[in-house]
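Engineer: below: sequence and its predicted model.
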Amino acid sequence: MNNEKLNAKDLLAIASSQWASAKDIMVIGSVGRNKAYAIRNEIIADYYDGDKRVRNRRLVPMTEVLKYFNINIDYLREVASYEK
């Protein structure tokens, strides 16, 4: 687990991907590997909930990860513009 804090630009760079891996969840949430897998599994259970959508076993939609951590992208963009 990396204890460094992400700045807005770094977080936006990660969030710009359509899909999130457990490694992305580890970085975004500052959590360890086991917790990241638990979060990923929780998102999978909530997002798919018996639905017949196509699934990727290792990836979850980034939008769901951002919702899980309650991350406001508009706020990050505003803060990132100040960091220039």
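Structural biologist: That came in fine, so what should we check first? Numbering: from 1, shown residues only.

Engineer: center of this protein - which residue?
Structural biologist: In the chain, the centroid-proximal residue (Cα atoms, centre = their mean) is residue 65; its distance is 3.8 Å.

Engineer: contact partners for it?
Structural biologist: Listed by Cβ atoms under 8 Å, 6 or more residues apart in numbering, the contact set of residue 65 reads 20, 24, 25, 28, 39, 43. C-beta coordinates here come from the backbone N, C-alpha and C atoms, glycine included.

Engineer: check residue 62 too.
Structural biologist: Neighbour list for residue 62: 15, 17, 18, 19, 20, 24 [criterion: Cβ under 8 Å, 6+ apart].

Engineer: so which of the residues you listed wins on neighbours?
Structural biologist: Of all the contacts of residue 62, the highest neighbour tally under other Cβ atoms under 10 Å goes to residue 20, namely 26 neighbours.

Engineer: ok, that residue touching residue 59?
Structural biologist: Yes: counting by Cβ atoms under 8 Å, residue 59 is a contact partner of residue 20 at 6.5 Å.

Engineer: show me what the helix or strand hosting residue 40 packs onto, helices and strands only.
Structural biologist: Using DSSP states H and E, residue 40 maps to helix 33-48. If you count contacts as 3 or more Cβ pairs under 8 Å, 6 or more residues apart in numbering; DSSP states H and E, helix 33-48 packs onto helix 22-29, strand 60-61, helix 62-68.

Engineer: one more time with 6 Å
Structural biologist: In terms of contacts (3 or more Cβ pairs under 6 Å, 6 or more residues apart in numbering; DSSP states H and E), helix 33-48 is packed against helix 22-29, helix 62-68.

Engineer: spell out the secondary structure type for residue 51.
Structural biologist: Of the three states, residue 51 takes coil under DSSP: H, G, I helix; E, B strand; the rest coil.

Engineer: any idea how far it is from residue 64?
Structural biologist: Between residue 51 and residue 64 the computed distance is 13 Å (Cβ to Cβ, to the nearest Å).
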